[in-house]
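**Student:** model the structure of this input:
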Amino acid sequence: MADVGRNRGRGPDSHIAQGGTTPEPAVPAVAPRSPATGVPKFDGVVAHAAAPRAAGHDMAGPGSAIDALERVMADHWRALERDHLGDWLLRACGGFTGRANSVLTVGDPGTGLPTAIAAVTAWYAARGLPPTASLPAPVEPSALPAAAPAGSRPTVAAEGPERDRARERAAAFTAAGWQVLAGAGAYVLTASVAELAATGAAALPGRLTLDLAAEPDAGWLAGYRYRGQELPPQARALLLSAADQVFCSIRDGDRTVAVARGSLSGGWAGVTAVEVDPQYRRRGLARILLGAVARWAGPAGAGSAYLQVGDGNEAALTLYFSAGLTLHHRYDYLRPA
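**Tutor:** Numbering: from 1, shown residues only. I've put the predicted structure just below:
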(Lines give C-alpha, C1' and ligand atoms only; values in the text may rest on other atoms or scores of the structure.)
Protein backbone atom coordinates (compact mmCIF):
# COMPACT_ATOMS: atom_id res chain seq x y z
CA MET A 1 0.00 0.00 0.00
CA ALA A 2 1.35 3.40 -0.88
CA ASP A 3 -0.05 6.82 -0.10
CA VAL A 4 -1.11 9.79 -2.15
CA GLY A 5 1.47 11.92 -0.51
CA ARG A 6 3.57 8.88 -0.18
CA ASN A 7 6.31 9.66 2.26
CA ARG A 8 8.56 6.71 1.93
CA GLY A 9 12.08 7.52 0.96
CA ARG A 10 14.38 5.23 -0.90
CA GLY A 11 16.85 4.75 1.91
CA PRO A 12 16.94 4.03 5.63
CA ASP A 13 13.80 6.03 6.41
CA SER A 14 11.34 4.64 3.94
CA HIS A 15 8.74 4.76 6.74
CA ILE A 16 8.62 8.54 6.95
CA ALA A 17 5.97 10.96 5.88
CA GLN A 18 6.93 10.88 10.15
CA GLY A 19 2.88 13.46 20.77
CA GLY A 20 0.18 13.65 27.12
CA THR A 21 2.90 16.13 26.21
CA THR A 22 6.19 16.29 28.06
CA PRO A 23 8.68 19.10 28.63
CA GLU A 24 11.30 19.45 25.96
CA PRO A 25 14.19 17.10 26.75
CA ALA A 26 17.28 18.76 28.17
CA VAL A 27 20.53 18.44 26.30
CA PRO A 28 22.43 15.68 28.14
CA ALA A 29 25.69 16.46 29.87
CA VAL A 30 28.92 15.48 28.18
CA ALA A 31 29.69 11.87 29.00
CA PRO A 32 32.61 11.05 31.29
CA ARG A 33 35.85 10.29 29.50
CA SER A 34 37.89 7.14 29.68
CA PRO A 35 41.26 7.90 31.35
CA ALA A 36 42.98 5.64 28.84
CA THR A 37 41.57 7.02 25.61
CA GLY A 38 39.98 10.36 26.39
CA VAL A 39 36.91 9.17 24.42
CA PRO A 40 33.57 9.75 26.15
CA LYS A 41 32.32 6.55 27.76
CA PHE A 42 28.99 5.01 26.78
CA ASP A 43 26.99 4.47 29.94
CA GLY A 44 24.12 2.69 28.22
CA VAL A 45 21.62 4.87 30.03
CA VAL A 46 19.63 7.66 28.49
CA ALA A 47 17.84 9.97 30.89
CA HIS A 48 16.06 13.13 29.80
CA ALA A 49 15.90 15.63 32.61
CA ALA A 50 12.91 17.91 32.52
CA ALA A 51 13.88 21.35 31.26
CA PRO A 52 11.64 24.40 31.54
CA ARG A 53 9.43 24.85 28.50
CA ALA A 54 10.42 27.95 26.58
CA ALA A 55 7.81 30.66 26.32
CA GLY A 56 5.67 30.82 23.22
CA HIS A 57 7.16 28.92 20.30
CA ASP A 58 10.80 29.78 20.88
CA MET A 59 11.61 26.09 21.34
CA ALA A 60 8.30 24.39 20.56
CA GLY A 61 7.13 25.94 17.31
CA PRO A 62 7.92 26.05 13.62
CA GLY A 63 10.72 28.57 14.18
CA SER A 64 12.70 26.26 16.45
CA ALA A 65 16.38 25.73 15.86
CA ILE A 66 17.24 22.61 13.92
CA ASP A 67 19.01 20.89 16.81
CA ALA A 68 16.06 21.47 19.17
CA LEU A 69 13.52 20.07 16.73
CA GLU A 70 15.73 17.09 15.89
CA ARG A 71 15.94 16.21 19.59
CA VAL A 72 12.17 16.42 19.88
CA MET A 73 11.70 14.21 16.81
CA ALA A 74 14.05 11.62 18.29
CA ASP A 75 11.64 11.26 21.21
CA HIS A 76 8.76 10.59 18.83
CA TRP A 77 10.57 7.60 17.29
CA ARG A 78 12.67 6.14 20.09
CA ALA A 79 15.10 3.40 19.17
CA LEU A 80 15.08 0.38 21.46
CA GLU A 81 18.74 1.06 22.29
CA ARG A 82 19.90 4.65 22.84
CA ASP A 83 23.26 5.85 24.08
CA HIS A 84 25.07 9.16 24.31
CA LEU A 85 28.40 10.31 22.97
CA GLY A 86 28.39 13.72 24.57
CA ASP A 87 25.31 15.39 23.06
CA TRP A 88 25.21 13.02 20.09
CA LEU A 89 22.54 10.33 20.30
CA LEU A 90 23.42 6.81 19.16
CA ARG A 91 20.40 4.71 18.21
CA ALA A 92 19.96 1.06 17.30
CA CYS A 93 16.84 -0.97 16.56
CA GLY A 94 17.91 -4.05 14.63
CA GLY A 95 18.22 -2.14 11.36
CA PHE A 96 14.53 -1.12 11.17
CA THR A 97 14.40 2.45 9.79
CA GLY A 98 17.23 4.92 9.45
CA ARG A 99 16.15 7.24 12.25
CA ALA A 100 16.29 4.35 14.74
CA ASN A 101 19.66 3.08 13.48
CA SER A 102 21.83 6.17 13.12
CA VAL A 103 23.70 8.61 15.29
CA LEU A 104 21.98 11.96 15.58
CA THR A 105 24.83 14.46 15.26
CA VAL A 106 23.48 17.52 17.04
CA GLY A 107 25.36 19.35 19.75
CA ASP A 108 28.87 18.63 21.02
CA PRO A 109 30.11 15.01 21.03
CA GLY A 110 32.44 15.88 23.90
CA THR A 111 35.59 15.16 21.92
CA GLY A 112 37.16 16.06 18.58
CA LEU A 113 35.11 15.14 15.55
CA PRO A 114 37.60 12.55 14.17
CA THR A 115 37.64 10.77 17.55
CA ALA A 116 33.86 10.95 17.80
CA ILE A 117 33.42 9.47 14.32
CA ALA A 118 35.75 6.59 15.20
CA ALA A 119 33.72 5.93 18.36
CA VAL A 120 30.49 5.93 16.34
CA THR A 121 31.97 3.43 13.88
CA ALA A 122 32.99 1.11 16.72
CA TRP A 123 29.59 1.38 18.46
CA TYR A 124 27.65 0.25 15.39
CA ALA A 125 30.19 -2.41 14.45
CA ALA A 126 29.78 -3.93 17.92
CA ARG A 127 26.06 -4.34 17.15
CA GLY A 128 26.51 -5.77 13.67
CA LEU A 129 24.98 -2.68 12.08
CA PRO A 130 26.42 -0.43 9.36
CA PRO A 131 27.72 2.81 10.90
CA THR A 132 25.23 5.49 9.90
CA ALA A 133 25.07 9.18 10.75
CA SER A 134 22.12 11.54 10.44
CA LEU A 135 23.30 15.07 9.59
CA PRO A 136 20.58 17.76 9.75
CA ALA A 137 21.20 21.05 7.97
CA PRO A 138 19.39 24.14 6.66
CA VAL A 139 18.10 23.98 3.10
CA GLU A 140 20.03 26.22 0.75
CA PRO A 141 17.75 28.45 -1.39
CA SER A 142 19.29 26.88 -4.51
CA ALA A 143 18.35 23.40 -3.26
CA LEU A 144 14.65 23.90 -2.61
CA PRO A 145 12.52 20.95 -3.76
CA ALA A 146 10.70 21.43 -7.04
CA ALA A 147 7.36 21.22 -5.25
CA ALA A 148 8.10 24.22 -3.00
CA PRO A 149 5.64 27.06 -3.62
CA ALA A 150 7.01 29.97 -5.61
CA GLY A 151 8.75 32.50 -3.40
CA SER A 152 8.83 30.21 -0.37
CA ARG A 153 11.80 30.16 1.98
CA PRO A 154 12.76 27.59 4.61
CA THR A 155 11.85 28.46 8.20
CA VAL A 156 15.51 28.15 9.23
CA ALA A 157 17.77 30.53 7.31
CA ALA A 158 20.49 28.90 5.22
CA GLU A 159 23.03 31.46 6.45
CA GLY A 160 24.48 31.58 9.94
CA PRO A 161 25.66 29.24 12.70
CA GLU A 162 23.27 26.39 11.83
CA ARG A 163 24.81 26.13 8.37
CA ASP A 164 28.37 26.51 9.69
CA ARG A 165 27.92 23.69 12.20
CA ALA A 166 26.38 21.44 9.56
CA ARG A 167 29.23 22.08 7.15
CA GLU A 168 31.85 21.39 9.83
CA ARG A 169 30.25 18.04 10.68
CA ALA A 170 29.87 17.08 7.03
CA ALA A 171 33.52 17.93 6.31
CA ALA A 172 34.70 15.79 9.22
CA PHE A 173 32.70 12.76 8.09
CA THR A 174 33.91 13.22 4.51
CA ALA A 175 37.51 13.39 5.71
CA ALA A 176 36.93 10.11 7.57
CA GLY A 177 35.83 8.43 4.34
CA TRP A 178 32.06 8.64 4.80
CA GLN A 179 29.68 9.60 2.00
CA VAL A 180 26.07 10.68 1.63
CA LEU A 181 23.57 7.92 0.87
CA ALA A 182 22.00 9.23 -2.32
CA GLY A 183 18.22 9.46 -2.22
CA ALA A 184 18.03 8.51 1.47
CA GLY A 185 17.65 11.99 2.97
CA ALA A 186 14.45 13.77 3.88
CA TYR A 187 12.87 17.19 4.26
CA VAL A 188 11.32 18.19 7.58
CA LEU A 189 8.12 20.22 7.29
CA THR A 190 6.26 22.02 10.08
CA ALA A 191 2.91 23.72 10.67
CA SER A 192 0.67 24.85 13.48
CA VAL A 193 -1.63 22.15 14.82
CA ALA A 194 -4.61 24.51 14.50
CA GLU A 195 -3.96 25.06 10.81
CA LEU A 196 -3.64 21.34 10.10
CA ALA A 197 -6.82 20.63 12.04
CA ALA A 198 -8.73 23.11 9.90
CA THR A 199 -7.15 21.94 6.64
CA GLY A 200 -8.11 18.32 7.23
CA ALA A 201 -11.66 18.92 8.45
CA ALA A 202 -13.40 17.68 5.29
CA ALA A 203 -15.99 14.93 5.57
CA LEU A 204 -15.04 11.43 4.51
CA PRO A 205 -16.33 10.51 1.07
CA GLY A 206 -18.92 7.78 0.58
CA ARG A 207 -19.22 5.09 3.20
CA LEU A 208 -15.69 5.45 4.54
CA THR A 209 -15.16 5.66 8.30
CA LEU A 210 -12.32 6.95 10.46
CA ASP A 211 -11.13 5.13 13.58
CA LEU A 212 -8.54 6.24 16.13
CA ALA A 213 -6.85 3.76 18.45
CA ALA A 214 -4.08 3.79 21.05
CA GLU A 215 -2.39 0.78 19.43
CA PRO A 216 -2.17 -0.45 15.84
CA ASP A 217 -4.50 -3.30 14.93
CA ALA A 218 -3.90 -5.91 12.25
CA GLY A 219 -5.50 -3.77 9.55
CA TRP A 220 -3.32 -0.77 10.41
CA LEU A 221 -0.14 -2.86 10.45
CA ALA A 222 -1.05 -4.39 7.11
CA GLY A 223 -1.51 -0.90 5.68
CA TYR A 224 1.90 0.28 6.88
CA ARG A 225 4.24 -1.66 4.59
CA TYR A 226 7.85 -0.84 5.34
CA ARG A 227 9.62 -1.08 1.96
CA GLY A 228 6.78 -3.30 0.79
CA GLN A 229 7.68 -6.02 3.30
CA GLU A 230 6.25 -7.50 6.46
CA LEU A 231 7.17 -5.53 9.56
CA PRO A 232 9.95 -6.99 11.71
CA PRO A 233 9.25 -7.90 15.37
CA GLN A 234 10.79 -4.66 16.71
CA ALA A 235 8.49 -2.47 14.60
CA ARG A 236 5.60 -2.55 17.07
CA ALA A 237 7.78 -1.41 19.97
CA LEU A 238 9.13 1.45 17.85
CA LEU A 239 5.64 2.50 16.78
CA LEU A 240 4.62 2.67 20.45
CA SER A 241 7.78 4.44 21.63
CA ALA A 242 6.63 8.07 21.97
CA ALA A 243 5.20 9.66 25.10
CA ASP A 244 1.81 9.08 23.49
CA GLN A 245 0.60 8.07 20.04
CA VAL A 246 -2.54 7.48 18.05
CA PHE A 247 -3.16 5.18 15.10
CA CYS A 248 -5.63 6.50 12.54
CA SER A 249 -7.36 4.12 10.16
CA ILE A 250 -9.77 4.94 7.35
CA ARG A 251 -11.90 1.94 6.50
CA ASP A 252 -14.21 0.88 3.72
CA GLY A 253 -16.30 -1.66 5.55
CA ASP A 254 -13.85 -4.15 7.05
CA ARG A 255 -11.01 -3.08 4.77
CA THR A 256 -8.38 -0.61 6.00
CA VAL A 257 -7.61 1.70 3.06
CA ALA A 258 -5.52 4.47 4.66
CA VAL A 259 -3.43 4.79 7.82
CA ALA A 260 -1.33 7.30 9.74
CA ARG A 261 0.43 7.47 13.08
CA GLY A 262 0.36 10.55 15.28
CA SER A 263 2.72 11.06 18.19
CA LEU A 264 3.17 13.54 21.05
CA SER A 265 6.31 14.71 22.80
CA GLY A 266 7.98 17.99 23.66
CA GLY A 267 4.93 20.10 22.78
CA TRP A 268 4.95 18.81 19.19
CA ALA A 269 2.70 16.50 17.21
CA GLY A 270 4.49 14.16 14.84
CA VAL A 271 2.91 12.60 11.76
CA THR A 272 4.39 9.39 10.39
CA ALA A 273 3.43 6.32 8.36
CA VAL A 274 0.85 8.05 6.16
CA GLU A 275 -0.27 5.47 3.60
CA VAL A 276 -3.25 5.37 1.24
CA ASP A 277 -4.25 2.37 -0.82
CA PRO A 278 -3.64 3.15 -4.52
CA GLN A 279 -7.31 2.47 -5.31
CA TYR A 280 -8.37 5.21 -2.88
CA ARG A 281 -6.03 8.00 -3.89
CA ARG A 282 -7.16 11.46 -4.99
CA ARG A 283 -10.04 11.48 -2.52
CA GLY A 284 -8.35 13.70 0.07
CA LEU A 285 -7.74 10.87 2.53
CA ALA A 286 -4.16 11.86 3.37
CA ARG A 287 -5.31 15.40 4.18
CA ILE A 288 -8.11 14.00 6.37
CA LEU A 289 -5.56 11.90 8.25
CA LEU A 290 -3.43 15.01 8.88
CA GLY A 291 -6.47 16.73 10.32
CA ALA A 292 -7.33 13.74 12.50
CA VAL A 293 -3.86 13.70 14.04
CA ALA A 294 -3.98 17.46 14.62
CA ARG A 295 -7.39 17.34 16.30
CA TRP A 296 -6.15 14.56 18.56
CA ALA A 297 -2.91 16.38 19.43
CA GLY A 298 -4.26 19.89 20.01
CA PRO A 299 -6.28 19.18 23.17
CA ALA A 300 -3.25 17.31 24.56
CA GLY A 301 -1.17 20.50 24.39
CA ALA A 302 0.65 20.27 21.06
CA GLY A 303 0.88 23.64 19.32
CA SER A 304 3.02 22.62 16.35
CA ALA A 305 3.37 19.61 14.11
CA TYR A 306 6.11 18.13 11.95
CA LEU A 307 6.46 15.44 9.36
CA GLN A 308 9.26 14.18 7.13
CA VAL A 309 9.21 13.54 3.40
CA GLY A 310 11.82 11.47 1.61
CA ASP A 311 13.98 12.84 -1.18
CA GLY A 312 12.36 12.79 -4.59
CA ASN A 313 8.80 12.43 -3.29
CA GLU A 314 7.46 15.51 -5.03
CA ALA A 315 3.86 14.29 -4.89
CA ALA A 316 3.96 14.14 -1.09
CA LEU A 317 5.65 17.53 -0.87
CA THR A 318 3.01 19.08 -3.13
CA LEU A 319 0.26 17.66 -0.94
CA TYR A 320 1.80 18.83 2.32
CA PHE A 321 2.69 22.30 1.07
CA SER A 322 -0.91 22.67 -0.08
CA ALA A 323 -2.06 21.65 3.41
CA GLY A 324 -0.14 24.57 4.91
CA LEU A 325 3.11 22.95 5.99
CA THR A 326 6.36 24.83 5.42
CA LEU A 327 9.92 23.65 4.93
CA HIS A 328 11.99 23.72 8.13
CA HIS A 329 15.22 21.85 7.30
CA ARG A 330 16.48 18.57 5.90
CA TYR A 331 18.75 15.74 6.95
CA ASP A 332 21.00 13.32 5.09
CA TYR A 333 22.42 9.94 6.01
CA LEU A 334 26.10 9.17 5.66
CA ARG A 335 27.97 5.87 5.84
CA PRO A 336 31.59 4.85 5.35
CA ALA A 337 32.36 4.45 1.63
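
**Student:** can you check which helix is longest in this protein?
**Tutor:** Looking across the chain with DSSP state H, the single longest helix is helix 161-175.

**Student:** can you list the residues that contact the helix or strand following that one?
**Tutor:** For helix 161-175, the following helix or strand on the C-terminal side (DSSP states H and E) is strand 178-180. For strand 178-180, contacts defined as CB atoms under 8 Å, 6 or more residues apart in numbering pick out Ile117, Pro131, Ala133, Asp332, Tyr333, Leu334, Arg335, Pro336, Ala337. (Each C-beta comes from the backbone N, C-alpha and C, glycine too.)

**Student:** gap between the first one and Pro336?
**Tutor:** Using CB to CB, to the nearest Å, one gets 9 Å for the distance from Ile117 to Pro336.

**Student:** any shared contact partners between the two?
**Tutor:** Common neighbours of Ile117 and Pro336 (CB under 8 Å, 6+ apart) are Ala176, Trp178.

**Student:** so which of the two has more stuff around it?
**Tutor:** Each of Ile117 and Pro336 has its neighbours counted (other CB atoms under 10 Å); Ile117 has more, 26 against 15.

**Student:** around the nearest residue to the more buried one once chain neighbours are set aside, how many other residues sit close by?
**Tutor:** Spatially, and ignoring its direct neighbours in sequence, Ile117 is nearest to Ala176 (4.7 Å; CB to CB, 6 or more residues apart in numbering). Ala176: 19 surrounding residues under other CB under 10 Å.

**Student:** my guess is Gly284 contacts Pro205. True?
**Tutor:** Yes: here Gly284 reaches Pro205: they are 7.4 Å apart, a contact under CB atoms under 8 Å.

**Student:** more neighbours: which of the two?
**Tutor:** The neighbour count for Gly284 versus Pro205, taken as other CB under 10 Å, is higher for Gly284 (17 against 12).

**Student:** quick one: residues contacting that one.
**Tutor:** Ala202, Pro205.

**Student:** at 7 Å what do you get?
**Tutor:** Contacts for Gly284 were tallied using CB atoms under 7 Å, 6 or more residues apart in numbering; they are Ala202.

**Student:** relative to Gly301, how far out is it?
**Tutor:** Gly284 is 27 Å from Gly301, by CB to CB.

**Student:** what about Leu196, how many neighbours?
**Tutor:** 28.

**Student:** surely it and Leu290 touch.
**Tutor:** Yes: using CB atoms under 7 Å, Leu196 is in contact with Leu290, at 5.2 Å.

**Student:** now the common contact residues for those two.
**Tutor:** Common contacts of Leu196 and Leu290 (CB under 7 Å, 6+ apart): Ala323.
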